[in-house]
Structures are given as C-alpha cells and as structure tokens.
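>>> no FASTA, just this:
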C-alpha cells in the first residue's frame with residue numbers, strides 16, 4: 001500500500017474514498033465491456049458486420065488493457081476489487097454493452113458500441129476533472145484512457161454516419177496512450 005501516495009492525494013483535497021470508488025466502477029465497466037464486446041464481436045457477421053469487426057476488436061482489447069492499467073492504481077490508493085464477480089459486474093460505472101435483441105441489426109450493434117464509449121468518455125472526463133493538478137498519476141492514467149475512449153467513440157460514430165471524426169484506425173498498435181501503464 002502506497003501510504004505517501006494516499007496522503008498526498010488527501011492533502012491535495014481529493015476525497016480518496018470517492019476517487020477509489022470511481023476507479024473501481026470504471027475498472028468494472030472496462031472488464032464487463034471487454035466481456036460484452038466479445039459477445040458482440042462474434043455476432044458481427046455478413047458484409048455489414050465484417051466491416052466493423054477490426055475496430056470492435058481493437059476497442060475490446062484496449063478496454064481489457066484499461067482494466068489492467070486501473071487495477072494497480074486502485075490498490076495504490078488503498079482500494080481493492082470486489083471478491084465476487086457478480087458484485088463487480090453490477091457496480092459498473094456504465095451500463096452493460098449487451099447484444100441488441102436482433103443481433104443481425106448492425107446499426108443497433110453500432111449504437112450499443114458507441115453508447116458504451118460515450119459513457120466511458122464521460123466517466124474518464126469526470127476523473128480528469130477531479131484529479132487535474134492534484135493527483136498527477138491518476139490524472140495521467142485517466143487522461144490516457146480517455147484519449148483511447150475518444151478514438152473508439154469516433155470510429156463507431158463514423159460508421160453510424162454521424163460525420164467524419166478526423167481519427168484514423170491504428171495499424172499494429174493497441175493502447176498507444178495506456179501502454180506506458182502496462183509495463
């Protein structure tokens with residue numbers, strides 16, 4: 001347990017329990033999104049589905065990476081993950097990205113994907129707001145995840161025809177912002 005880390009976060013005026021709670025909820029959202037994206041991915045079939053499979057797979061793997069990057073910070077701040085997976089799933093900071101009723105409706109599938117990313121963008125923006133200038137490590141981590149979540153949202157929203165985002169699919173690289181926390 002990083003006692004000085006916790007002390008410095010408290011001295012900076014951050015409610016440590018609230019921050020840890022937010023990080024745990026986001027870790028739950030990342031792991032459950034990884035799980036639900038796996039189910040969504042295997043249902044992305046036919047011509048329409050195949051077109052978004054690669055992007056959905058990148059987002060899925062990066063969400064797992066986000067979970068893995070969050071866990072050490074949770075424990076550094078004196079928190080822990082729930083011992084029961086059902087409890088962990090149910091406290092997720094974002095609603096589950098469940099398969100739509102008609103899994104062959106690619107537009108509905110894309111709506112599920114983009115809404116999951118939008119929730120994540122809101123969650124990490126909130127963490128950045130409360131840690132900015134106060135808890136540099138958590139801020140850096142949340143900002144790194146936020147950058148990737150914004151790209152995910154942009155990719156999916158383009159497929160929904162919401163207009164160009166200016167973001168391009170990354171080739172051969174996953175988690176370019178978060179990778180420094182995975183070493």
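Yes, it's here. Just so it is clear, the structure is predicted and the values come from calculations on it, not from any experiment. Residues are numbered from 1 along each chain as shown.

>>> switch to C-alpha atoms for all contacts and neighbour counts from now on
Noted.

>>> what comes up buried for the longest helix belonging to the chain?
Criterion DSSP state H: the longest helix present in the chain is helix 46-76. Neighbour-count burial for helix 46-76 flags 49, 52-53, 55-71, 73-74, 76 (criterion: 16 or more other CA atoms under 10 Å).

>>> what separates that helix from the chain centre, distance-wise?
In this view, helix 46-76 has its centroid 7 Å away from the chain centroid, taken as CA atoms, centre = their mean, to the nearest Å.

>>> Beyond that helix, next helix or strand please.
Going down the chain from helix 46-76, the next helix or strand is helix 85-90, by DSSP states H and E.

>>> tell me which residues of that next one are tucked away?
By 16+ other CA under 10 Å, the buried positions in helix 85-90 come out as 88-89.

>>> Mind giving me the packing neighbours of it?
Counting contacts by 3 or more CA pairs under 8 Å, 6 or more residues apart in numbering; DSSP states H and E, helix 85-90 packs against helix 16-42.

>>> Against which helices or strands is the helix it packs on packed?
Judged by 3+ CA pairs under 8 Å, 6+ apart, the packing partners of helix 16-42 are helix 3-11, helix 46-76, helix 85-90, helix 106-131.

>>> hmm, try it at 10 Å
Contact partners of helix 16-42 among helices and strands, from 3 or more CA pairs under 10 Å, 6 or more residues apart in numbering; DSSP states H and E: helix 3-11, helix 46-76, helix 85-90, helix 106-131, helix 136-159.
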